[in-house]
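Student: Sequence first, predicted model second:
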Amino acid sequence: IVGGTAAQETMALSRPFGVAVLGHALFISDSLNHRIVMYDLEDGLCKVIAGTGYVGYDPDGTPAVASRLSNPQGLAVNKRNGNLYIADAGNHRIMCLNPYTQNLHIACGVSGVAGEKSQHHGDTDVHRNQYASQHPSQMPLCLPTDLCVLGDGSLVVSDGGNARIVFVSGYPQRDGEDGI
């Protein structure tokens, strides 16, 4: 982290990509270190909140600091519930960090499997609710690079490898889930 004073903790980043803010927390995707860092804008301290620093993927529900990521890129925060969404590009999925359980859950994408390449690769393609009949964790993504959370809590995902934008609205909840 650059800037600050000598009294503030520093942390080396490697290809920082996405940033998001919630309150005094600045979240940074440290892409080539395969982790997410939180920088406290008030006291200048930083800490790893997701990822081990080693590339890979782990099952749904793994504690965030014990979960391996692969080239995390875009970040977004749902300000209604504090969930942090991570475009885990190398694993072809969007992960959700629940601030209360500190676990990572798959918000959409099939973990570790690149989704089908669009037949319209290179064309502008917007998909809204194309996968409405299935859980978003079964939605094929390919190198998602960025995302945002809309006011109603829906996600908008830049599915880079499929050259499309995907809208993901709330889905039926699993036990212990609060939806998107």
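Tutor: Yep, it's here.

Student: low-scoring stretches of the chain, by residue?
Tutor: Across the chain, the ranges flagged by pLDDT under 70 are 1-10, 111-135, 137, 170-180.

Student: Now I36. Nearest residue, chain neighbours left out?
Tutor: Using CB to CB, 6 or more residues apart in numbering and skipping the chain neighbours, the partner closest in space to I36 is A50 (4.0 Å). All C-beta atoms are positioned from the backbone trio N, CA, C, and that covers glycine.

Student: List the contacts of the one you found.
Tutor: Under the criterion of CB atoms under 8 Å, 6 or more residues apart in numbering, the neighbours of A50 are R35, I36, A64, V65, S67, L69, P72, L84, I86, M95, L97, L104.

Student: ok, of these, which come out buried?
Tutor: R35, I36, A64, S67, L69, P72, L84, I86, M95, L97, L104 (16 or more other CB atoms under 10 Å).

Student: got those as TSV, with secondary structure and distance to L13 columns?
Tutor: Compiled in TSV, the buried ones among the contacts of A50 are given as follows (DSSP: H, G, I helix; E, B strand; the rest coil; distance: CB to CB, whole Å):
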residue	secondary structure	distance to L13
R35	strand	10
I36	strand	11
A64	helix	18
S67	coil	19
L69	strand	14
P72	strand	12
L84	strand	17
I86	strand	16
M95	strand	19
L97	strand	18
L104	strand	20
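
Student: And these, which is closest to A25?
Tutor: Of all the buried ones among the contacts of A50, L84 has the smallest distance to A25: 9.0 Å, by CB to CB.

Student: ok, the closest residue to the closest one other than its chain neighbours - contacts?
Tutor: Among residues not flanking L84 along the chain, L97 sits closest, at 4.3 Å (CB to CB, 6+ apart). Residues in contact with L97 (CB under 8 Å, 6+ apart) are I36, I49, A50, A64, N83, L84, Y85, I86, N103, L104.

Student: for L141, phi and psi?
Tutor: Backbone torsions for L141, taken as degrees, to the nearest 10, come to phi -120, psi 160.

Student: Hmm, G109 and it touching each other?
Tutor: Yes. Counting by CB atoms under 8 Å, G109 is a contact partner of L141 at 4.0 Å.

Student: Which single one of the buried ones among the contacts of A50 is nearest to D43?
Tutor: Nearest member of the buried ones among the contacts of A50 to D43, counting by CB to CB, is I36, at 18.7 Å.

Student: does the closest one really touch K47, like I thought?
Tutor: No. At 10.1 Å, I36 does not count as touching K47 under the criterion of CB under 8 Å.

Student: and the spatially most central residue of the chain, what is it in contact with?
Tutor: Geometric centre of the chain, nearest residue: I86, 0.7 Å, by CA atoms, centre = their mean. Taking CB under 8 Å, 6+ apart as the criterion, I86 is in contact with S29, I36, A50, L69, P72, G74, L75, I94, M95, C96, L97, L104.
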